[in-house]
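Peer 1: Fold the stuff below for me.
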Amino acid sequence: MNDDWLLIEDYPLPEFDPATWYRLGEQVLIWDGWCRIANYSYTQKGKGRWRDWRGIVTPTHWMPLPGEPKDSL
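Peer 2: Numbering: from 1, shown residues only. Purely as a prediction, here's the structure:
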């Protein structure tokens, strides 16, 4: 896994689909002064925004979430 933070401008934004605007995008780690889990989603009118569990955030960097832990037994 790559542990480097990527610029938020390099995140591959999902295309807006009016039929599925309410679905949440992929969860990723973001950095906006704090490390958070967030996703990129759209409003019904097609406005895109980054959101975490508390609401809208303005990140500067992102990275994929790590994978599941390996079984140590």
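Peer 1: which strands and helices sit next to the longest strand belonging to the chain?
Peer 2: Secondary structure assigned by DSSP state E gives strand 35-42 as the longest strand of the chain. On a contact count with 3 or more Cβ pairs under 8 Å, 6 or more residues apart in numbering; DSSP states H and E, strand 35-42 meets strand 28-31, strand 48-52. (C-beta placed from N, C-alpha, C; glycine too.)
Peer 1: pLDDT weak spots in this protein?
Peer 2: Confidence mapping of the chain against pLDDT under 70 gives the ranges 1-2, 72-73.
Peer 1: hmm, try it at 50
Peer 2: Applying pLDDT under 50 to the chain flags residues 1.
Peer 1: can you pull up the bridge partners for the most centrally placed residue in it?
Peer 2: What sits nearest the mean C-alpha location of the chain, by Cα atoms, centre = their mean, is residue 39, with 3.0 Å. Beta bridges link residue 39 to residue 51 when assigned by DSSP bridges.
Peer 1: Can you report how many residues lie near residue 40?
Peer 2: Using other Cβ atoms under 10 Å, the number of residues around residue 40 comes to 21.
Peer 1: got the contact list for the residue lying closest to it once chain neighbours are set aside?
Peer 2: Counting by Cβ to Cβ, 6 or more residues apart in numbering, residue 40 lies nearest to residue 25, which is 4.5 Å off, once chain neighbours are set aside. Residue 25 sits next to 14, 39-41 when contact means Cβ atoms under 8 Å, 6 or more residues apart in numbering.
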